[in-house]
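In: using only what follows, build the 3D model:
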Amino acid sequence: MFTVYVLKCKSGKYYVGKTRNVNVRFQEHCNGFGSEWTRRYDPIKIVEQCEQANDKFLELTKTLEYMDKYGINNVRGGPYCHMDLSEVEDFIRAQLSSVNGECYRCGSIRHIANECDDSCNKCGRTDHFAKECINCFKCGRRGHIASECYNCFKCGRSDHVAYECNNCYKCGRPDHFADECNNCYNCGRPGHIASECDNCYKCGGSDHYANECDNCYNCGGSDHFVDDCDNCYKCGRPGHFANKCYNCYKCGRPGHFANKCYNCYKCVIGIN
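Out: Numbering: from 1, shown residues only. Model (predicted):
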């Protein structure tokens, strides 16, 4: 059975995790084989542990509980184990607001989001709600919605629609279509196509072709080939090869393999 545990770390930080053996996992964190969070903020002690039993959301719930108490920037755990949570911070705040009965737009406990008098979260105006907004998503102007917009989505001009546009979507110039474009996919310069390009597509150098390139595919170094590379292609660190790497390629943390990883794959890569 899994146990959800909470570690108090230095600098007022906390980490929430899940394991079958709390004491062993705590020692791994202390020895630098835990999460990236506990490698930066040394663990001090175990402050809480509880058996998961039938509550499969316990780790997530406990993470949100500590984030609500100590702040999002001071807690990591569950699907929110990465150092940088800037891309999902708004989503976490909305979760916390929902649990606390607050409006996730303005934070008030007197109403919920669909009753909020704050500005429309689509256009920023205060005279209507988002569901009443008639600002176009495409051009930003009022009076129509995106499906009725007459601006070309390729070039942004308002005197034609996309299928009438003469701009090339490869290079942006207005004198030809994409299938007539002579800009190279490889280097971006006009006058030739990729199969005729003199630039190496591996490093961008113009003095050799890719099959003559000395740059390593794995790390980009110029002093060796990929089969001589000392960097592990799974975690990027030197000193071992991928077949001896103990970092999980799913969540990036050491100490287990992907087939034993309890992190949700969709949560790790940010899929809703």
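
In: I figured Cys30 hits Ile44, correct?
Out: No. With contacts counted by CB atoms under 8 Å, Cys30 stays clear of Ile44, the gap being 9.4 Å. From N, CA and C alone the C-beta is placed, and that goes for glycine too.

In: what sits in contact with each of these two?
Out: Common contact partners of Cys30 and Ile44 (CB atoms under 8 Å, 6 or more residues apart in numbering): none.

In: any buried residues in the helix or strand hosting Leu64, and which?
Out: Here Leu64 sits within helix 58-70, counting by DSSP states H and E. Buried residues in helix 58-70, counting neighbours by 16 or more other CB atoms under 10 Å, are found at 58-60, 62-68.

In: same thing with stretch 4-24?
Out: Using 16+ other CB under 10 Å as the test for burial, stretch 4-24 gives 4-7, 9, 13-19, 22.

In: now, those residues that are in helices?
Out: Under the assignment DSSP state H, the buried residues of stretch 4-24 contribute Val22 to helices.

In: for Glu89, the count of nearby residues, please.
Out: Residues lying near Glu89 (other CB atoms under 10 Å) number 13.

In: the nearest residue to Thr19 once chain neighbours are set aside in helix, strand or coil?
Out: Using CB to CB, 6 or more residues apart in numbering and skipping the chain neighbours, the partner closest in space to Thr19 is Arg25 (3.9 Å). Per DSSP: H, G, I helix; E, B strand; the rest coil, the local secondary structure of Arg25 is helix.

In: am I right that Arg25 is in contact with Tyr5?
Out: Yes. Applying CB under 8 Å as the test, Arg25 and Tyr5 come out as touching, 7.2 Å apart.

In: now do the contacts for the residue nearest to Lys13 when sequence neighbours are not counted.
Out: Spatial nearest neighbour of Lys13, chain neighbours left out: Tyr41 (4.2 Å); criterion: CB to CB, 6+ apart. By CB under 8 Å, 6+ apart, the contact list for Tyr41 reads 9-11, 13, 15.

In: list phi and psi for Tyr41.
Out: phi -120, psi 100 (degrees, to the nearest 10).
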